[in-house]
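# Predicted model and sequence follow; I will ask about them next.
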Amino acid sequence: MRSNASGAQTAPPTSSSSSEQRRVPVHVAIIMDGNGRWAQARGLPRLAGHRAGTENLRRIIDASMDFGIQYLTVYAFSTENWGRPKDEVEGLMNILEEVIDTEVPRLHEKGVQVRHIGALEGLRPELQRKIRESEELTRNNKRLVLGVAFNYGGRAEIVHAVRRIIADGLRPEDVDEATFARYLYTAGMPDPDLVIRTSGEQRISNFLLWQAAYAEWYFTPVYWPDFDREELRKALEEYSRRERRFGRVPTSKS
Ligand code: FPP
């Protein structure tokens, strides 16, 4: 095992044992795309798609634990999403607040640690308070770390990290990749091994720009509300067939 930039344990970048590489990813990140089109296809308002997406997230959290995933990070609201119609933005804020009220106690019982990935500033004060309380309540849970990227943008995260590094008075020679990673919202989490994007789009969309540098990507045309346990299993199976080389040459078979 080696430590990655954030100091967490990950599997070796190269290994003579291919069975070692045929394993469950430690950290899966998901761009939950296609809620709007899912709703539109059914003649429903977009928010109905987000609600169906929220139901699905509950199922995928359970499936992730069953499959042995240790970290699951989901993209729930990007810094760019503020540009959506006011009703939709308001609706997504309300969904997060409801999820915190109803789901976090259940997640806590199941041993899930909730981590907010993104900026608290800009969210309404009540929501900020609830997010902080959820993190505090679940901070010692070990079964699954659920990162909720909400009001998150990869570039903004990097700028935020640079500002904090400067404010902390670090000298240029103090800053290396490991130090930098500790200033990101994901500090202490291993980098994602697998990033899934649903709904057929094949873009990064400002998600985990630093952290996903060596991630495997999996794109599926399935809309997020329909991305069920079986679809997750297919993604994990595809991941297990890939050889991760981390910029090195293929592992020798001899
Ligand atoms: C992208 O689909 C989805 C979002 C911007 C929101 C994702 C949010 C959830 C699944 C709800 C879970 C929420 C929390 C707070 C945990 P889209 O609306 O861009 O779909 P489209 O591309 O088909 O329009």
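Sure thing, it's come through.

# tally of neighbours for Arg242?
Counted by other C-beta atoms under 10 Å, the residues lying close to Arg242 total 14. In this view, the C-beta of every residue, glycine as well, is placed from N, C-alpha and C.

# again with the one 4 residues further on
Applying other C-beta under 10 Å, we find 10 other residues in the vicinity of Phe246.

# Doesn't it belong to a strand?
No. Counting by DSSP: H, G, I helix; E, B strand; the rest coil, Phe246 falls outside a strand, being coil.

# Torsion angles phi and psi at it?
phi 50, psi 40 (degrees, to the nearest 10).

# For the ligand, what is the nearest residue in the chain?
Gly36 (2.4 Å; C-beta to the nearest ligand atom).

# Which helix or which strand is home to that residue?
helix 35-40 (DSSP states H and E).

# what's the distance between the helix or strand following that helix and the middle of its chain?
Per DSSP H and E, the first helix or strand lying C-terminal to helix 35-40 is helix 46-67. Relative to the centre of its chain, helix 46-67 is centred 13 Å away, using C-alpha atoms, centre = their mean, to the nearest Å.

# just checking, next helix/strand downstream of helix 46-67?
Past helix 46-67, the next helix or strand by DSSP H and E is strand 71-78.

# which helices and strands sit right next to that next one?
strand 27-31, helix 46-67, helix 86-109, strand 144-152 (3 or more C-beta pairs under 8 Å, 6 or more residues apart in numbering; DSSP states H and E).

# what packs against the third one?
The one in question is helix 86-109. Partner elements for helix 86-109 (3+ C-beta pairs under 8 Å, 6+ apart): helix 46-67, strand 71-78, helix 125-138, strand 144-152.

# got the contact list for the helix or strand just after that helix?
Proceeding N to C from helix 86-109, the next assigned helix or strand is strand 112-117, under DSSP H and E. Strand 112-117 has contacts (C-beta atoms under 8 Å, 6 or more residues apart in numbering) with 61, 65, 73, 104, 107, 131, 134-135, 137-150, 152, 185-186, 189.

# Including distance to Ala161, could the helices and strands packed on helix 86-109 go into CSV?
Output for the helices and strands packed on helix 86-109, formatted as CSV (distance: least, C-beta to C-beta, whole Å):
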stretch, distance to Ala161
helix 46-67, 27
strand 71-78, 17
helix 125-138, 19
strand 144-152, 13
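
# Please produce a markdown table containing these, extended by distance to Arg171, mean neighbour count and mean pLDDT.
A markdown table is the format used below for the helices and strands packed on helix 86-109 (distance: least, C-beta to C-beta, whole Å; neighbours: other C-beta atoms under 10 Å; pLDDT from 0 to 100):
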| stretch | distance to Arg171 | mean neighbour count | mean pLDDT |
| --- | --- | --- | --- |
| helix 46-67 | 41 | 18 | 98 |
| strand 71-78 | 31 | 23 | 98 |
| helix 125-138 | 31 | 15 | 98 |
| strand 144-152 | 29 | 24 | 98 |
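
# Quick one, which of the ones you listed gets closest to Arg245.
strand 71-78 (21.9 Å; C-beta to C-beta).

# Adjacent strands (with direction) for the closest one?
Here strand 71-78 has these sheet partners by DSSP bridges: strand 27-31 (parallel), strand 144-152 (parallel).
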